[in-house]
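S.K.: need the 3D shape of this:
(one chain, ligands or ions: 1)
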Amino acid sequence: MSSDHTFDVIVIGAGPGGYVCAIRCAQLGLKTALVEKNTRLGGTCLNVGCIPSKALLHSTEIFHEIKEHASSHGIVCKGLEHDLSALMKKKDGVVNQLGKGVRALVTKKGVTCLEGTARILGSGRVEVTEGKSEGSYSAKEIIIATGSKPIELPFLPYDGKHIVHSDHGIAFDKVPAKMAVIGAGAIGLELGCVWSRLGAKVEIIEFLPEICPQLDPEISKVARKIFEKQGLTFRLSTKVTSADIGKSKATLTLESEKGAEEISVDRVLVAVGRGPSTDGLGLKEAGVTLDERGRITVDHAFNTNLSGIRAIGDVIHGPMLAHKAEEDGVACAEIIAGQSGHVNYDMVPGVIYVDPEIANVGLSETQAKDRGIEVRTGSFPMAANGRALATGATDGMVKVVADAHTDRLLGVQIVARGASELIASAVSHMEYSGSAEDLARTIHAHPTLSESLKEAALSADGRGLHSI
Ligand code: NAI
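M.R.: Here you go, the predicted structure:
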């Protein structure tokens, strides 16, 4: 095999896990190739996930803010309307620009980009088909970073028209009059909010008794009440049992304690989770072990059961989040280079980018108690924060959870405008094993929303200064 087909590392998949891993490998002096079947790098996150959804969320948030709150700021706005195609163009522009940026970045860092679909032939051997870089390649290490894909409900196959997943939900050509969302998790809430702000009547159907089941129930409830005020309807503890897809509408049969009911909608967005994307990689033939959920089984060094084949990101255990995949990628590269790469999976922040945003890190009160930990909690309502009042961001709260004996900060949960940024200081405190007292004694600028974190920490010790 010629030298341009032989590498130290071949990374398969150029999402945030894969391309970051490839960059780190190259930084560490490893001859690295990155195989991607899409012409644009960046994976789900850049192409159809985090980035386009955030662009849509931001544009629609401006629209919603002006529509609902301009008058409270003394701004008179008449004849306000949106232009969906311009809004989509803006989003597409962001995706294109970032896509070009990632390719330039990866190339500049010395990574060889291979275009095509990769298939693993066994340890050390990869075949690339259907692209400019067709051929056989070899490497000492192969890293699978092929990400995830939407889960399909068996009785509700995706048709891209009435029954859609998030890839479709960021690109409708018109605002549906009525839309059902199945699943009140991150995708359901984010895309539910986007289309509701643009005028759709959105009903979110959740199987469990509360939205965002991974969060503190108090936080989930506060968030739900806010989104109900904004016009979303939630049907909790409700199961979709069947669907009838007509020419222009879909009729869903719902079952709850109240009995069976039917609703007719223009679009059904299914957002019930994502599963690993490993089709066509040849894993079965190569003999790579998968777990009961189809994820690739790896050890602490990201090794699969086959020597020289590792996996990172959404295809392995852990939260399916871009920043977690990036950390996996960096750690995996460092381990390959003989360093001691490590990911602290207890400190992965989660954010749902609605308004107000919902952010969390570490354990919720319930999760801590379930582990038998005695806790103290402190909370602070955003309505009592001066900056929040001045800017009309009074919805939400901060809650901190600390060990009752050691005062170590165990978790922080936030519903507040800007929570995605506020959570960063909580992550730092916790990463350095900080206590609630540490957070409470850290000086936060006034007036900022971040003071609510300090106040919540103070109140864990009954010392809140600005709450009653
Ligand atoms: P999710 O796991 O966050 O939420 C799925 C929801 O659907 C859960 O509340 C679950 O109880 C509910 N559910 C499951 N089956 C159901 C059924 N048959 N009927 C009604 N409800 C049902 O999954 P989601 O929102 O699809 O997101 C997928 C992945 O992508 C997650 O890992 C998420 O963290 C990640 N993601 C993260 C984002 C962010 O960080 N902002 C944005 C979008 C996705």
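
S.K.: who in the stretch 151-300 of the chain is up against the ligand?
M.R.: Contacts of the stretch 151-300 of the chain with the ligand, taken as C-beta under 6 Å from any ligand atom, map to 153, 182-188, 190, 205-208, 213, 239-240, 271-274. C-beta coordinates here come from the backbone N, C-alpha and C atoms, glycine included.

S.K.: given the host helix or strand of residue 254, what are its sheet partners and their directions?
M.R.: Secondary structure from DSSP states H and E places residue 254 in strand 250-256. According to DSSP bridges, strand 250-256 forms sheet pairs with strand 239-245 (antiparallel), strand 259-265 (antiparallel).

S.K.: from the chain's centre, how far out does that strand sit?
M.R.: Computed by C-alpha atoms, centre = their mean, to the nearest Å, the chain-centroid distance of strand 250-256 equals 27 Å.

S.K.: coming back round to it: now the strands paired with strand 250-256 in a markdown table, with mean neighbour count and mean pLDDT?
M.R.: Formatted as a markdown table, those follow (neighbours: other C-beta atoms under 10 Å; pLDDT from 0 to 100):
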| stretch | mean neighbour count | mean pLDDT |
| --- | --- | --- |
| strand 239-245 | 15 | 95 |
| strand 259-265 | 13 | 97 |
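
S.K.: residue 156 pairs with what?
M.R.: Under the criterion DSSP bridges, residue 156 forms beta bridges with residue 153.

S.K.: against residue 140, how distant is it?
M.R.: Taking C-beta to C-beta, to the nearest Å as the measure, residue 156 falls 44 Å from residue 140.

S.K.: which of those two has more neighbours?
M.R.: The residue with more neighbours, out of residue 156 and residue 140, is residue 156; 19 against 16, by other C-beta atoms under 10 Å.

S.K.: excluding sequence neighbours, find me the nearest residue to residue 167.
M.R.: residue 48 (4.5 Å; C-beta to C-beta, 6 or more residues apart in numbering).

S.K.: what's the pLDDT at the one you found?
M.R.: pLDDT, residue 48: 98.

S.K.: got a list of what it touches?
M.R.: 166, 167, 170 (C-beta atoms under 8 Å, 6 or more residues apart in numbering).

S.K.: how is this structure carved up into domains?
M.R.: Per automatic domain parsing, the structural domains of the chain span 3-149+275-345, 163-272, 356-459.

S.K.: from the middle of its chain, how far away would the longest one be?
M.R.: With C-alpha atoms, centre = their mean as the basis, domain 3-149+275-345 stands 13 Å off its chain's centre.

S.K.: quick revisit: mark which of the residues of the stretch 151-300 of the chain next to the ligand are buried, thanks.
M.R.: The neighbour count (16 or more other C-beta atoms under 10 Å) marks 182-188, 190, 205-206, 240, 271-272, 274 as buried among those.

S.K.: distance to residue 287 and secondary structure added to these, as JSON lines?
M.R.: Below are these laid out as JSON lines (distance: C-beta to C-beta, whole Å; DSSP: H, G, I helix; E, B strand; the rest coil):
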{"residue": "182", "distance to residue 287": "36", "secondary structure": "strand"}
{"residue": "183", "distance to residue 287": "34", "secondary structure": "coil"}
{"residue": "184", "distance to residue 287": "39", "secondary structure": "coil"}
{"residue": "185", "distance to residue 287": "34", "secondary structure": "coil"}
{"residue": "186", "distance to residue 287": "34", "secondary structure": "helix"}
{"residue": "187", "distance to residue 287": "33", "secondary structure": "helix"}
{"residue": "188", "distance to residue 287": "37", "secondary structure": "helix"}
{"residue": "190", "distance to residue 287": "38", "secondary structure": "helix"}
{"residue": "205", "distance to residue 287": "40", "secondary structure": "strand"}
{"residue": "206", "distance to residue 287": "39", "secondary structure": "coil"}
{"residue": "240", "distance to residue 287": "38", "secondary structure": "strand"}
{"residue": "271", "distance to residue 287": "34", "secondary structure": "coil"}
{"residue": "272", "distance to residue 287": "31", "secondary structure": "coil"}
{"residue": "274", "distance to residue 287": "25", "secondary structure": "strand"}
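
S.K.: and the residues you listed, which two are furthest apart?
M.R.: Greatest spacing in these, by C-beta to C-beta: 190 and 240 (19.9 Å).

S.K.: pick out the residue in this protein sitting closest to the ligand.
M.R.: Closest contact between the chain and the ligand, by C-beta to the nearest ligand atom, is at residue 185 (1.9 Å).

S.K.: wait, that residue touches residue 208, no?
M.R.: No: in this structure residue 185 lies outside contact range of residue 208 using C-beta atoms under 8 Å: 9.9 Å.

S.K.: how many other residues sit next to residue 431?
M.R.: Residue 431: 12 neighbours (other C-beta under 10 Å).

S.K.: quick check, residue 442 in contact with residue 455.
M.R.: No: between residue 442 and residue 455 there is no contact, the gap being 11.7 Å when judged by C-beta under 8 Å.

S.K.: nearest to residue 97, out of the buried ones among the residues of the stretch 151-300 of the chain next to the ligand: which one, please.
M.R.: Taking C-beta to C-beta as the measure, residue 97 sits nearest to residue 190 out of these, at 21.3 Å.

S.K.: contacts only, for that closest one.
M.R.: With C-beta under 8 Å, 6+ apart, residue 190 has these contacts: 53, 57, 352, 353, 354.

S.K.: the longest strand in the protein is where?
M.R.: The residue-count maximum for a strand in the chain (DSSP state E) belongs to strand 135-144.

S.K.: can you name every helix or strand that that strand contacts?
M.R.: strand 6-12, strand 117-122, strand 125-129, strand 309-311, helix 322-336 (3 or more C-beta pairs under 8 Å, 6 or more residues apart in numbering; DSSP states H and E).

S.K.: need these in CSV with mean pLDDT, can you?
M.R.: Below are the helices and strands packed on strand 135-144 laid out as CSV (pLDDT from 0 to 100):
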stretch, mean pLDDT
strand 6-12, 98
strand 117-122, 96
strand 125-129, 97
strand 309-311, 98
helix 322-336, 98
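
S.K.: just say which of these is most tucked in.
M.R.: Stretch with highest mean neighbour count among the helices and strands packed on strand 135-144: strand 309-311 (a mean of 28; mean count of other C-beta atoms under 10 Å).

S.K.: helices and strands around that strand, which ones?
M.R.: strand 135-144.

S.K.: close to the ligand, is the following helix or strand past the strand it packs on?
M.R.: Going down the chain from strand 135-144, the next helix or strand is strand 148-150, by DSSP H and E. No: judged by C-beta under 6 Å from any ligand atom, strand 148-150 stays clear of the ligand, getting no closer than 6.8 Å.

S.K.: just checking: what are the partner strands of the following helix or strand past strand 148-150?
M.R.: Later in the chain than strand 148-150, the nearest helix or strand by DSSP H and E is strand 163-164. As defined by DSSP bridges, the strand partners of strand 163-164 come to strand 267-270 (parallel).
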